[in-house]
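Asker: Make a model of this:
(4 chains)
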Number of protein chains: 2
Amino acid sequence: MARTREFDDNAVLDAATDRFWRQGYAATSVRDLGEAMGLVPASLYNAFGSKHALFALCLDRYLDRNMRERIERLEAKQPPRVAIETFLNEIVARSLADPRGCLLVNSALEVAPHDAEIGAVIAARLAELEAFFHRCVIAGQRDGSITAAPSARDLARLLLTTVMGLRVLSRARPEPALLRGAARQALTLLDPPACTN
Amino acid sequence: MARTREFDDNAVLDAATDRFWRQGYAATSVRDLGEAMGLVPASLYNAFGSKHALFALCLDRYLDRNMRERIERLEAKQPPRVAIETFLNEIVARSLADPRGCLLVNSALEVAPHDAEIGAVIAARLAELEAFFHRCVIAGQRDGSITAAPSARDLARLLLTTVMGLRVLSRARPEPALLRGAARQALTLLDPPACTN
DNA sequence: CTCATTCTAGAGCGATCGTTTTAGAACATC
DNA sequence: GATGTTCTAAAACGATCGCTCTAGAATGAG
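Answerer: Numbering: from 1, shown residues only, chains lettered A, B, ... in the order given. The predicted structure follows:
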């Protein structure tokens, strides 16, 4: 019926995501995106509608491939306490290795407060992450690997907070001792009480 | 020797800080700043040199009047454990009441990664906050109000991380139960062990 | 092949960016 | 009160912003 598209959607969306990730939403221009994607602005608009729509698409793809993938992988194959430990350790390792930080956290501060649509997506994904921690804590309390004393809800809330905090700290102070120390201390929260006195 | 300035430095810097705080560095234009400050762009440049220099000035002022003031006030008049509790509770209350969030955290993600000069300022201030927590933990361990079991360094690192995390979460999910729950759980970290079994 | 449709390329839209220039008003010094 | 410096006001600098338009090339359906 017409001419076929010359580019691969997956490849160009990866390129666009990298730009938003690296530079933020506002600081990434359409020409910048087009150059990285190998597209002229007109093709970009023809294919994705607007800069805003393209960003929403990139953010969704990013979250599916990073956060959601990690949750499903860990929850399927690890006991609950280990799943939490591995999650935090992976966040620390990622934060130290990748100077772009986390697109979700970056966007929570830059975009969410001024964009209700993106803000709702981000809030929902953060709630998903909190729910993952909550399920792990409940299961860990049941199998005895996690202390039963504190509220599972609050424990999950603090774990979520810790992940956010690690992501922020790593942008200004990407120091292994700092991030690893904080994560280590967060994990001791989970320890069942051992009567030492 | 010459004509005297018509505006009050404190007032215009307050206005500029509010704009940067509310909208971020990149999203705040010089015309925007000038309008808020009651200055024409030429006066702004004459007085402060550049948008970047103005931002650096605003950030410094902000940190002195918020973070540093809070640390000094709490450390002078509160026992160490109470100082930490009050600090976290004030952060939660502020986060819930002020939709602008924290200029330090906002800038740590938006500006620090792409601006070595501002990045160094932010890293130094975060280290100051960590040091405050560390001093409180040491003193609290000495007076018995804080558990002696974990490393004081790691405890301080996690408290710093928690503050950062609360500030991020509040921008996308300004829910009292979420922030208060996370802060409450962070504070239980400090409890000396009570043998319950 | 013809034709309608959708693609790409690149110039160009008005608006706004950070910054500077130009012109003139206000003040401290001599 | 003249002088010289520093202020304010407003226009304007080139560059870039998100986005669209105009051409023309490429394709599938009939």
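
Asker: How about the helix or strand hosting A:Ala139 and chain B, any contact?
Answerer: According to DSSP states H and E, A:Ala139 maps onto helix A:116-143. Yes. Helix A:116-143 lies within reach of chain B by C-beta under 8 Å from any C-beta of the partner chain, at A:119, A:122-123, A:126-127, A:130. For the C-beta atoms, the positions are set from N, CA and C on the backbone; glycine is no exception.

Asker: helices and strands around the next helix-or-strand element following that helix, which ones?
Answerer: Remark: after helix A:116-143, the chain's next helix or strand is helix A:152-172, criterion DSSP H and E. Packed against helix A:152-172 by the contact rule (3 or more C-beta pairs under 8 Å, 6 or more residues apart in numbering or on different chains; DSSP states H and E) you find helix A:80-97, helix A:103-110, helix A:116-143, helix A:176-188, helix B:103-110, helix B:116-143, helix B:152-172, helix B:176-188.

Asker: Which residue does chain A have closest to DNA strand C?
Answerer: Proximity to DNA strand C, evaluated over chain A using C-beta to the nearest atom of the strand, is greatest for A:Ala2 at 2.5 Å.

Asker: That residue and B:Ala186: what is the separation?
Answerer: 58 Å (C-beta to C-beta, to the nearest Å).

Asker: So those two - more neighbours on which side?
Answerer: Just comparing A:Ala2 and B:Ala186: by other C-beta atoms under 10 Å in any protein chain shown the higher neighbour count belongs to B:Ala186, 26 against 4.

Asker: ok, now how distant is the more buried one from A:Arg180?
Answerer: Look at B:Ala186 and A:Arg180: by C-beta to C-beta, they are 18 Å apart.

Asker: Dump the helices and strands packed on helix A:152-172 to a markdown table, plus distance to A:Ala11.
Answerer: Shown next, in a markdown table, are the helices and strands packed on helix A:152-172 (distance: least, C-beta to C-beta, whole Å):
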| stretch | distance to A:Ala11 |
| --- | --- |
| helix A:80-97 | 23 |
| helix A:103-110 | 18 |
| helix A:116-143 | 23 |
| helix A:176-188 | 32 |
| helix B:103-110 | 28 |
| helix B:116-143 | 32 |
| helix B:152-172 | 30 |
| helix B:176-188 | 38 |
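
Asker: could I get these as a markdown table with distance to DNA strand D and mean pLDDT?
Answerer: Converted to a markdown table, the helices and strands packed on helix A:152-172 look like this (distance: least, C-beta to the nearest atom of the strand, whole Å; pLDDT from 0 to 100):
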| stretch | distance to DNA strand D | mean pLDDT |
| --- | --- | --- |
| helix A:80-97 | 27 | 98 |
| helix A:103-110 | 13 | 97 |
| helix A:116-143 | 14 | 97 |
| helix A:176-188 | 32 | 97 |
| helix B:103-110 | 15 | 98 |
| helix B:116-143 | 20 | 97 |
| helix B:152-172 | 22 | 98 |
| helix B:176-188 | 33 | 97 |
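
Asker: since we're on A:Asp154, how many residues are nearby?
Answerer: When neighbours are counted by other C-beta under 10 Å, A:Asp154 comes out with 21.

Asker: Hmm, it is touching B:Ala186, no?
Answerer: No. Taking C-beta atoms under 8 Å as the definition, A:Asp154 is not a contact partner of B:Ala186, at 9.1 Å.

Asker: contact partners of the helix or strand harbouring A:Tyr45?
Answerer: Assigned by DSSP H and E, A:Tyr45 belongs to helix A:41-48. Here helix A:41-48 makes contact (C-beta atoms under 8 Å, 6 or more residues apart in numbering or on different chains) with A:5, A:7, A:9, A:12, A:30-31, A:33-34, A:37, A:39, A:54, A:57.

Asker: Now pLDDT too, for these, in a markdown table please.
Answerer: Formatted as a markdown table, the contacts of helix A:41-48 follow (pLDDT from 0 to 100):
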| residue | pLDDT |
| --- | --- |
| A:Arg5 | 79 |
| A:Phe7 | 84 |
| A:Asp9 | 88 |
| A:Val12 | 94 |
| A:Val30 | 96 |
| A:Arg31 | 95 |
| A:Leu33 | 96 |
| A:Gly34 | 94 |
| A:Met37 | 94 |
| A:Leu39 | 90 |
| A:Leu54 | 97 |
| A:Leu57 | 96 |
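
Asker: Could you pick out which of these are located in helices?
Answerer: A:9, A:12, A:30-31, A:33-34, A:37, A:54, A:57 (DSSP state H).
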